[in-house]
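# What follows is a predicted protein model with its sequence.
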Amino acid sequence: MNDDFGLEEEADDLEREQRSPAYDPPNDLTSDEEVTDVDSEGSYVCEHCGEQIVIPLDVAAGRAQQYVEDCPVCCSPNVIFVEVDGPDVRVWATPE
């Protein structure tokens, strides 16, 4: 019976991870400076109710993003657009 409970396998896995090449970001995020200089939040105005909505930004999702999100005030669906250009971010929405 083996008393190490798979510790040798875990050590082998850890050794493989340490030998693996460093993470290489996608081409649309070419430097760490671009990612850290971007604000973590953006905002848009819901065209249904007129409220300004603050949303978290995920620059790792790419420079050009589009997704549908319901307004947290009036529950109407909005198409959210996010464009990242270096440290500048543009956020806007249109009704779905």
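Looks like it arrived, so ask away.
# got the residue ranges for the strands in this protein?
41-45, 52-56, 64-70, 77-85, 88-95 (DSSP state E).
# Just say which of those is most tucked in.
Greatest average neighbour count among the strands of the chain goes to strand 77-85 (a mean of 17), per mean count of other Cβ atoms under 10 Å. C-beta coordinates here come from the backbone N, C-alpha and C atoms, glycine included.
# State the mean pLDDT of it.
Throughout strand 77-85, pLDDT has a mean value of 95.
# Neighbouring strands - and their directions - for it?
Applying DSSP bridges, strand 77-85 is found paired with strand 64-70 (antiparallel), strand 88-95 (antiparallel).
# Tell me which of those strands approaches C46 most closely.
Nearest to C46, of all the strands paired with strand 77-85, is strand 88-95, at 6.7 Å by Cβ to Cβ.
# Okay, angle between that closest one and strand 41-45 too, please.
For strand 88-95 against strand 41-45, the angle by axes from the mean of the first three to the mean of the last three Cα atoms, to 10 degrees is 40 degrees.
# now the angle from strand 88-95 to strand 52-56?
120 degrees.
# rounded to a whole number, what's the mean pLDDT of strand 88-95?
For strand 88-95, mean pLDDT rounds to 94.
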